[in-house]
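J.: Okay, structure incoming, though there's no sequence with it:
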């Protein structure tokens with residue numbers, strides 16, 4: 001088995017379970033049509049110790065028996081960076097360094113004013129800190145870089161007037177005649193204090209990152225080197241970032257808040273070279289706004305340097321080590337809340353953070369992507385997250401990194417489903433898979449298989465849940481479906497129509513529109529796009545960047561326009577490339593930038609390029625012939641993904657939960673159009689006329705179209721309803737609770753109502769049985785229930801007739817029917833939410849809306865006659 005064939009590798013949480021539990025969980029994962037796992041110590045009591053090796057040996061043995069592969073999450077606990085606790089024990093001198101400032105403020109004139117600058121390099125404890133744990137650095141080290149005075153304009157805004165007072169220090173005391181006006185005297189210093197998580201590595205320091213290699217990577221290699229590149233495929237970094245601030249506040253933009261800034265010797269040298277000899281005088285403007293905006297370059301250069309060093313010393317070093325040892329390096333960073341281009345939990349620049357990895361990576365957890373709802377804010381504690389990013393941005397961000405970086409070979413993984421709670425079932429998991437496939441994901445890391453006793457409070461849902469999850473058999477169906485799609489959309493090349501410039505540099509320097517704002521406008525009009533960082537212009541040889549006939553080409557992807565989101569600033573690299581390629585089709589959204597950051601260009605050179613209102617962007621592109629497909633009717637809920645291998649493939653997905661898509665679709669290609677239903681693994685002929693075909697997608701439905709497919713195609717016979725028999729009454733009913741094998745006594749049900757009306761807390765299997773008399777006359781017979789929540793198996797006369805994991809729930813049972821009396825048996829399973837809420841853990845019951853349970857409403861047996869749509 002090649003690495004490229006492993007499309008699904010769920011987290012398997014290792015806590016030190018008994019051997020039988022470990023082997024059973026691997027067996028169940030294998031039963032789910034999954035052939036790989038990612039081992040995560042969540043947390044294991046003895047990670048990289050004797051207990052871990054004992055358990056790893058068992059997993060390795062079982063995996064080899066089942067021809068399964070293993071990835072290793074590369075630390076004792078996420079986020080990656082604590083290096084299994086080795087840094088404070090062995091290398092405290094490699095601790096994190098920060099650049100920081102503290103100030104005193106006074107209104108002059110005051111002659112011979114004095115400030116104790118040494119005192120200003122220490123923390124001040126206030127009453128707000130009482131009762132809180134005191135975070136102490138591993139080593140106590142501080143060094144004054146400069147002392148500068150800045151005149152205060154108003155609020156937190158400084159003027160551009162700066163006075164260097166560093167030479168005024170004697171024996172730790174600064175003396176200065178303060179002029180008229182209000183002044184801030186800033187003591188700017190490098191320190192090991194003021195940050196958080198002092199036990200973590202310094203992500204921008206090469207030697208500090210080596211501690212992670214020594215503590216995790218090398219011990220695994222020493223013990224399992226013969227399996228590296230065979231059973232063991234590589235290492236997975238989970239949400240590494242700078243973590244120079246507390247928690248996940250999602251507002252760690254340079255220049256907007258006082259926070260310790262990641263620092264080190266290499267960083268200081270690089271920053272000084274970028275900013276010039278007077279950089280030390282300007283340091284306060286890394287945190288505070290200046291009235292005239294003249295210091296935006298300073299903030300740009302800081303973020304540019306820190307993101308490049310993260311790429312070089314963290315992801316670059318880890319990726320290089322992995323490849324030298326025959327394995328691959330994968331993972332993801334925190335992308336949310338625009339942190340993908342910021343500090344804090346972010347890694348400053350998404351594309352640079354991914355540079356060392358062999359695949360790009362993203363994640364979707366905790367109700368970020370919500371089926372059918374791209375508009376309402378996501379509430380996560382005190383944070384409001386932008387839904388547009390999750391529906392129209394995060395997938396394209398990762399897919400673009402996978403596409404433009406030759407090393408990644410178009411591979412994008414998505415950690416998916418975690419922390420949604422027990423309310424998340426297979427139905428909505430399927431919707432999420434479809435949504436991400438339509439944006440370029442072709443690897444999935446389901447989150448997670450937990451071997452703890454049910455219910456485990458740690459970020460459910462858990463797919464097997466020690467045998468308690470009634471949806472587990474249907475999870476395997478979803479994984480089969482997912483793998484089929486991943487196989488199709490792997491090993492080829494996406495076909496984007498437009499490029500959208502990544503906004504990192506603009507965000508560092510000032511205000512900017514996020515890339516996914518124009519991205520949404522494009523995707524809702526079936527125009528695919530690639531997110532392009534300015535780095536592709538700087539290193540054109542590596543990325544294969546060029547302009548041909550007005551189109552931008554990056555790593556073989558040809559984009560007919562470069563779209564630049566509204567921003568105050570644009571990077572010098574982007575302007576240099578644009579001006580050097582005068583035939584490049586460039587469109588600014590809403591307005592052109594006011595300034596060029598990081599260089600000497602004037603924004604005036606961009607005046608010749610059009611600025612188009614956001615709401616007119618899609619029409620502007622279509623009028624210029626920049627589109628892939630045309631539809632007879634307009635649907636914002638139609639997602640389309642064009643992918644090219646030996647053949648052209650198109651993926652169509654209806655994102656609406658309530659509206660059916662029914663339209664004529666016209667492609668640019670000619671040939672025989674074949675349709676593929678990945679759920680049933682069935683190829684059939686499209687309803688085609690020339691280069692057009694008829695597309696019908698109900699909610700939750702998706703389909704693949706191939707041009708001149710290499711598969712035999714079934715005839716595409718259409719159904720014409722000739723009548724329906726209402727079979728809603730007189731069903732026999734029984735239940736089997738989650739985790740049990742015992743069925744309740746059979747009940748008679750005159751009419752079908754939600755099971756949850758009578759059994760509010762029930763989770764498990766609900767079985768409905770009915771005898772139906774059928775006189776077969778050549779018609780097709782469709783079992784059609786009005787409501788099902790949420791997975792369903794239908795059998796007729798003891799033979800399996802169909803399985804449904806999501807709407808629509810119609811099942812063709814014709815082949816299982818006989819003339820006369822037939823027993824129809826329907827088994828429906830709901831999610832574990834209702835049962836789990838009766839066993840609340842430390843977080844209490846899940847406050848999600850509870851969908852009804854079971855099968856109810858009008859149940860029909862629909863008769864259909866098949867006919868050729870061409871007739």
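T.: Yep, that arrived. These numbers were taken from a predicted model, which means no experiment stands behind them.
J.: list the contacts for the residue nearest to residue 538 when sequence neighbours are not counted?
T.: Nearest residue to residue 538 in three dimensions, chain neighbours excluded: residue 573, at 4.8 Å (C-beta to C-beta, 6 or more residues apart in numbering). All C-beta atoms are positioned from the backbone trio N, CA, C, and that covers glycine. Shown in contact with residue 573 (C-beta atoms under 8 Å, 6 or more residues apart in numbering): 505, 534-535, 537-538, 598.
J.: Of these, keep whichever come out buried.
T.: Among the contacts of residue 573, those classed as buried by 16 or more other C-beta atoms under 10 Å are 505, 534-535, 537-538, 598.
J.: Can I get these in TSV including pLDDT?
T.: As requested, the buried ones among the contacts of residue 573 are exported to TSV (pLDDT from 0 to 100):
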residue	pLDDT
505	98
534	99
535	99
537	99
538	98
598	84
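J.: before we move on, the earlier item: A helix includes the residue nearest to residue 538, no?
T.: Yes - assignment of residue 573 by DSSP: H, G, I helix; E, B strand; the rest coil places it within a helix.
J.: That one and residue 602: what is the separation?
T.: Distance from residue 573 to residue 602, counting by C-beta to C-beta, to the nearest Å: 15 Å.
J.: what do you get for residue 247?
T.: 41 Å.
J.: Run through the residues that contact the residue of the chain positioned farthest from its centre.
T.: Here the chain reaches farthest from its C-alpha mean at residue 111, the gap being 57.2 Å by C-alpha atoms, centre = their mean. Neighbouring residues of residue 111 by C-beta under 8 Å, 6+ apart: 177-178.
J.: what helix or strand is residue 132 on?
T.: Secondary structure assignment for residue 132, by DSSP states H and E: no helix or strand.
J.: What is the neighbour count of residue 524?
T.: 19 (other C-beta atoms under 10 Å).
J.: no, scratch that, I was asking about residue 691
T.: By the other C-beta under 10 Å criterion, the neighbourhood of residue 691 contains 16 residues.
J.: Over to the one 3 residues further on?
T.: For residue 694, the tally of surrounding residues (other C-beta under 10 Å) stands at 16.
J.: need the contact list for it.
T.: Contact analysis of residue 694 by C-beta under 8 Å, 6+ apart lists 663-665, 686-688, 869.
J.: ok, residues contacting the helix or strand where residue 52 lies?
T.: Using DSSP H and E, residue 52 falls within helix 50-65. With C-beta under 8 Å, 6+ apart as the test, helix 50-65 has contacts from 12, 14, 16-17, 19, 22-23, 26-27, 37, 39, 41, 44-46, 68-70, 223-224, 227, 231-232.
J.: ok, the nearest residue to residue 685 once chain neighbours are set aside to residue 638 distance?
T.: The shortest distance from residue 685 to any residue other than its chain neighbours is 4.3 Å, reached at residue 716 (C-beta to C-beta, 6+ apart). From residue 716 over to residue 638 the distance is 20 Å, taken as C-beta to C-beta.
J.: who's more crowded, the two?
T.: residue 638 (24 against 19).
J.: Now the more buried one. Nearest residue, chain neighbours left out?
T.: residue 661 (5.5 Å).
J.: wait, doesn't the one you found sit right on residue 697?
T.: Yes - the criterion here is C-beta atoms under 8 Å, and residue 661 meets it with residue 697 at 4.4 Å.
J.: Name the residues contacting each of these two.
T.: 638, 654.
J.: contacting residues around the residue nearest to residue 685?
T.: Here residue 716 is in contact with 675, 684-687, 869 (C-beta under 8 Å, 6+ apart).
J.: Please apply the same query to residue 408.
T.: Shown in contact with residue 408 (C-beta under 8 Å, 6+ apart): 354, 357-360, 401-402.
J.: For the residue nearest to residue 260 when sequence neighbours are not counted, name its beta-bridge partners.
T.: Once flanking residues are discounted, residue 260 sits nearest to residue 98: 3.6 Å by C-beta to C-beta, 6+ apart. Per DSSP bridges, the residues bridged to residue 98 are residue 191, residue 262.
J.: Tell me the predicted confidence for residue 98.
T.: Confidence at residue 98, expressed as pLDDT, is 99.
J.: these two touch, right, it and residue 196?
T.: No - shown here, residue 98 and residue 196 do not form a contact pair, counting by C-beta under 8 Å, at 10.2 Å.
J.: Could you measure from residue 744 over to residue 755?
T.: 11 Å.
J.: who has more neighbours, those two?
T.: Between residue 744 and residue 755, residue 755 has the larger neighbour count (other C-beta under 10 Å), namely 24 against 16.
J.: Do I have it right that the more buried one meets residue 735?
T.: Yes - the pair residue 755 / residue 735 is scored as a contact, 7.3 Å apart, by C-beta under 8 Å.
J.: Next one: the residue lying closest to residue 830 once chain neighbours are set aside from residue 795, what distance?
T.: In space, residue 830 comes closest to residue 853 once its chain neighbours are excluded; the distance is 4.3 Å by C-beta to C-beta, 6+ apart. To residue 795, residue 853 is 20 Å away according to C-beta to C-beta.
J.: Which of the two has more residues huddled nearby?
T.: Each of residue 853 and residue 795 had its neighbours counted (other C-beta under 10 Å), and the higher figure belongs to residue 853 (27 against 18).
J.: correct me, but the more buried one touches residue 754?
T.: Yes - the criterion here is C-beta under 8 Å, and residue 853 meets it with residue 754 at 5.9 Å.
J.: shared neighbours, the two?
T.: Taking C-beta under 8 Å, 6+ apart as the contact rule, residue 853 and residue 754 both touch residue 789.
J.: How many residues are close by the closest residue to residue 297 other than its chain neighbours?
T.: Closest residue in space to residue 297, ignoring its immediate chain neighbours: residue 597 at 5.6 Å, by C-beta to C-beta, 6+ apart. For residue 597, the neighbour count with other C-beta under 10 Å is 27.
J.: Could you check the pLDDT of residue 597?
T.: Per the predicted model, pLDDT is 94 at residue 597.
J.: cool, and residue 4?
T.: In this model, residue 4 carries a pLDDT of 48.
J.: just residue 717 next, same as before
T.: At residue 717, the model reports a pLDDT of 78.
J.: Am I right that it is in contact with residue 867?
T.: Yes - using C-beta under 8 Å, residue 717 is in contact with residue 867, at 6.5 Å.
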